[in-house]
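1. Got a sequence here, can you build the structure:
(one chain, ligands or ions: 1)
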Amino acid sequence: MIKSLCVFCGSGRGHDPRYSQAAARLGGLLAERGVTLIYGGGNIGLMGDLAEAALAKGGKVVGVIPEHLVRWEVAHLGLSELIVVDSMHSRKARMFELSDAVAVLPGGMGTLDETFEFLTWRQLKLHDKPVVVANEGGYWNPLLALIDAMVAEGFARDEHRRLITVVERVDEVIDAASRALHPKLVPHPERF
Ligand code: AMP
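-> Numbers count the residues shown, from 1 in each chain. Below is the predicted model of the structure:
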């Protein structure tokens with residue numbers, strides 16, 4: 001099973017309270033299953049809900065935040081560890097180093113930037129860490145449709161589309177990431 005999971009999600013909460021509930025559910029599950037949460041270190045939006053829920057259940061939470069965002073994203077001061085870095089680039093690199101896999105919850109442009117940096121690194125074979133998109137409420141359907149269109153129009157390959165593991169609920173994230181990391185070790189219900 002994965003030991004650490006990097007989660008990208010909104011610094012906002014969105015309009016539908018189910019997004020916030022989903023972030024909190026994932027935080028709780030990570031703590032229960034002993035998976036360290038690596039995230040952007042903020043105490044706002046879904047990021048804050050996620051971290052709060054993991055901490056409340058005794059989970060280990062590591063935040064990675066650039067110095068200039070410490071005030072803006074209200075750096076969470078109750079984390080197991082808060083790593084302050086010098087730039088957005090260092091933040092992504094550090095989050096990448098610290099985690100076994102990445103999960104993506106609903107979010108905005110920052111979430112997209114982070115996700116695509118990890119995905120394109122993987123497309124270029126710089127790493128092989130799973131990227132799991134939690135499509136809660138179908139939030140990411142338009143993005144997935146765009147990626148399908150890229151494949152259909154010849155701007156991306158089907159094998160690149162398959163680098164993204166899509167699950168419909170956050171409850172499936174940890175198992176999906178673990179399976180993608182160690183396909184032979186973790187039983188997949190569909191294979192039996
Ligand atoms: P958002 O999805 O826009 O609410 O942002 C989620 C997180 O992504 C926040 O922690 C932002 O600081 C971060 N973020 C925003 N823009 C970038 C960027 N260009 N590179 C890396 N992270 C970013």
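2. Give me the contacts around stretch 41-53.
-> 7, 9-14, 19-20, 23-28, 31, 37, 39-40, 61, 63-65, 69, 73-77, 79, 82-83, 105-107 (Cβ atoms under 8 Å, 6 or more residues apart in numbering). (Each C-beta comes from the backbone N, C-alpha and C, glycine too.)
3. If we check the ligand, which of those are in contact?
-> On the criterion Cβ under 6 Å from any ligand atom, 10, 11, 12, 40, 69, 73, 107 are the entries of the contacts of stretch 41-53 that sit beside the ligand.
4. Filter those down to the buried ones and hand me the ChimeraX line.
-> To isolate the buried ones among these in ChimeraX, judged by 16 or more other Cβ atoms under 10 Å, type:
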select :10,11,12,40,69,73,107
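5. one step back: please indicate which of the contacts of stretch 41-53 are buried?
-> With burial judged by 16+ other Cβ under 10 Å, the buried subset of the contacts of stretch 41-53 is 7, 9-14, 19-20, 23-28, 31, 37, 39-40, 61, 63-65, 69, 73-76, 79, 82-83, 105-107.
6. In helices only, show me those.
-> 19, 20, 23, 24, 25, 26, 27, 28, 31 (DSSP state H).
7. Nothing else from me, thank you.
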